[in-house]
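A.B. asks: predicted model and sequence follow; I will ask about them next.
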Amino acid sequence: MTMISRMDEILQEALLLICSVLIPDTARVITGPMPHPSSGGGVPRCELYLSVDDLETACSRAQVAGAQVVDAAVDRDRGHRVAYFADHDGHAIALATES
């Protein structure tokens, strides 16, 4: 197994963990691992947009899980209050609630 393959497995496990903390009993991965951004050959980075009931708690849990704040929670044009985070590869995780 290559280092990148093992990293992909770790990232997929981390994503499941983050999802299971934020949205228990509903988290599942629907595709295989994406290539690492440095070797993706044009594969776009993903954005995971999660609707949550308690945005403040979800944001706290995301930070405890290691997500980095990209943009703090603010009301957006589309009727949601959204906070953006990044995993260590720069993939976006949006946590949102209706505003």
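C.D. replies: Received, thanks.
A.B. asks: which residues of this structure fall in strands?
C.D. replies: With DSSP state E as the criterion, the chain has strands at 47-51, 68-75, 80-86, 92-98.
A.B. asks: nearest to A14, of these?
C.D. replies: A14 sits nearest to strand 92-98 of all these, at 10.9 Å, using Cβ to Cβ. Just so you know, the C-beta spots here come from the backbone N, C-alpha and C atoms, and that holds for glycine as well.
A.B. asks: note down every partner strand of that closest one and its orientation.
C.D. replies: Here strand 92-98 has these sheet partners by DSSP bridges: strand 47-51 (parallel), strand 80-86 (antiparallel).
A.B. asks: right, so those: which one is the most enclosed?
C.D. replies: Among these, strand 80-86 has the highest mean neighbour count (mean count of other Cβ atoms under 10 Å), at a mean of 19.
A.B. asks: related to what we said a few turns ago, mean pLDDT for the strands of the chain: which is lowest?
C.D. replies: Lowest mean pLDDT of the strands of the chain: strand 47-51, a mean of 86.
A.B. asks: make TSV out of the strands paired with strand 92-98 and add distance to A96.
C.D. replies: Shown next, in TSV, are the strands paired with strand 92-98 (distance: least, Cβ to Cβ, whole Å):
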stretch	distance to A96
strand 47-51	5
strand 80-86	4
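A.B. asks: how about the CA coordinates for stretch 91-99, as PDB?
C.D. replies: Output in PDB follows, covering the C-alpha atoms of stretch 91-99 (Å, rounded to 0.1, in the frame of the first residue of the first chain):
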ATOM      1  CA  HIS A  91     -11.500  20.500   1.300                       C
ATOM      2  CA  ALA A  92     -14.400  22.700   2.400                       C
ATOM      3  CA  ILE A  93     -16.900  21.700   5.100                       C
ATOM      4  CA  ALA A  94     -19.900  24.000   5.400                       C
ATOM      5  CA  LEU A  95     -22.100  23.800   8.400                       C
ATOM      6  CA  ALA A  96     -25.500  25.500   7.900                       C
ATOM      7  CA  THR A  97     -28.800  26.100   9.600                       C
ATOM      8  CA  GLU A  98     -31.800  28.100   8.400                       C
ATOM      9  CA  SER A  99     -31.500  31.700   9.500                       C
END
